[in-house]
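Novice: Fold the following.
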Amino acid sequence: MKKIEEFYQLTINFLPQLVAGIIVLLLSTLVSLFIKKYLLSKLKNKTKNPLLISFIGKMASLSINIFGVIMFLSIIGLGNISSKLLAGAGIMTFVVGFAFKDIGENFLSGILLAFKSPFGVNDLIETESIVGYVSEVNLSDTIIKTLDGKDVFIPNSQIVKNPLINYTVDGYLRYDFVVGIDYDCDIDKAILIIENTLKGFDEI
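Specialist: Have a look, this model is predicted:
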């Protein structure tokens, strides 16, 4: 009975710390969501790079959440555990990074693409003989809609390692094609007809 009373008393004494820690944890979560939403709304007007916007928003949210967890552990009296977790995070990162090397490589490549921004959504690109329009850009892969309607998921590391052609980066392309006419036709007249036809297109 005495042990039950001692446990009850310890629980009562610990309850305010636990409630305060939970409040801090909830507040940090709400703040992280607000900051992420605020950054996304602000950055949309300043850059057209969705990958960079997503990366900055996620990193800001993750930083605040980590800070909230550390504060929670400190408030409830587990500050030593939080410091040990931070110390072990480096080792864990190395182990996880080695085990999931390809995933980590694609993630880092996504960060590189976010800042370098060699293409944007709806750009016509070609990489490793795959030609299509960029439909979505993520931190791990890039989705391309090919000219025949196929959705191709390309790992970002593959895009970074191989030559990339962006056909719409400046809006100008040159196409060569042959127009055959009969030997008896008037060549000058044929050239004039072709030139007048091409002038009817605003894209040219």
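Novice: Centre of this structure to the edge, which residue is at the far end?
Specialist: D184 (59.6 Å; C-alpha atoms, centre = their mean).
Novice: Can you classify that residue as helix, strand or coil?
Specialist: Assigned with DSSP: H, G, I helix; E, B strand; the rest coil, D184 falls in the coil class.
Novice: can you give me phi and psi for it?
Specialist: phi -90, psi -10 (degrees, to the nearest 10).
Novice: That one and I191, how far apart?
Specialist: Noted for D184: a distance of 16 Å to I191, by C-beta to C-beta, to the nearest Å. C-beta: built from backbone N, CA, C; applies to glycine.
Novice: same check, this time on E128
Specialist: Counting by C-beta to C-beta, the gap from E128 to I191 is 39 Å.
Novice: Ok, L112 next?
Specialist: Using C-beta to C-beta, L112 is found at 48 Å from I191.
Novice: Mind checking which of the two has more residues around it?
Specialist: Using other C-beta atoms under 10 Å, the more surrounded residue of L112 and I191 is L112, with 16 against 12.
Novice: Helix, strand, or coil at that one?
Specialist: Going by three-state DSSP: L112 is helix.
Novice: how about it, what does it touch?
Specialist: 156, 160 (C-beta atoms under 8 Å, 6 or more residues apart in numbering).
Novice: thinking again about what came up before, do you know the pLDDT at the residue farthest from the centre of the chain?
Specialist: For D184, the model assigns a pLDDT of 88.
Novice: and if you look at G77?
Specialist: 71.
Novice: got the buried residues for the host helix or strand of I53?
Specialist: Assigned by DSSP states H and E, I53 falls within helix 50-75. Using 16 or more other C-beta atoms under 10 Å as the test for burial, helix 50-75 gives 50-57, 60-61, 64-66, 68-75.
Novice: Now do L198 against P16, distance only.
Specialist: 79 Å.
Novice: next one: V160
Specialist: V160 is 52 Å from P16, by C-beta to C-beta.
Novice: Compare those two (neighbour count), which wins?
Specialist: With neighbours defined as other C-beta under 10 Å, V160 and P16 compare such that V160 has more, 18 against 10.
Novice: what sits against T142?
Specialist: Per C-beta under 8 Å, 6+ apart, neighbours of T142: 113, 134, 136, 153-154, 156, 159.
Novice: Convert stretch 197-204 to CSV, retaining C-alpha atoms only.
Specialist: Extracted in CSV, the C-alpha atoms of stretch 197-204 (Å, rounded to 0.1, in the frame of the first residue of the first chain):
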residue,chain,number,x,y,z
THR,A,197,2.9,29.5,-94.5
LEU,A,198,5.5,29.7,-91.7
LYS,A,199,4.8,33.3,-91.1
GLY,A,200,1.2,32.4,-90.2
PHE,A,201,2.4,30.8,-87.0
ASP,A,202,3.0,33.0,-84.0
GLU,A,203,5.3,30.4,-82.5
ILE,A,204,7.8,30.9,-85.4
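Novice: can you give me the mean pLDDT across that stretch?
Specialist: Here the average pLDDT along stretch 197-204 is 84.
Novice: Show me how far that stretch is from its chain's centre.
Specialist: Computed by C-alpha atoms, centre = their mean, to the nearest Å, the chain-centroid distance of stretch 197-204 equals 38 Å.
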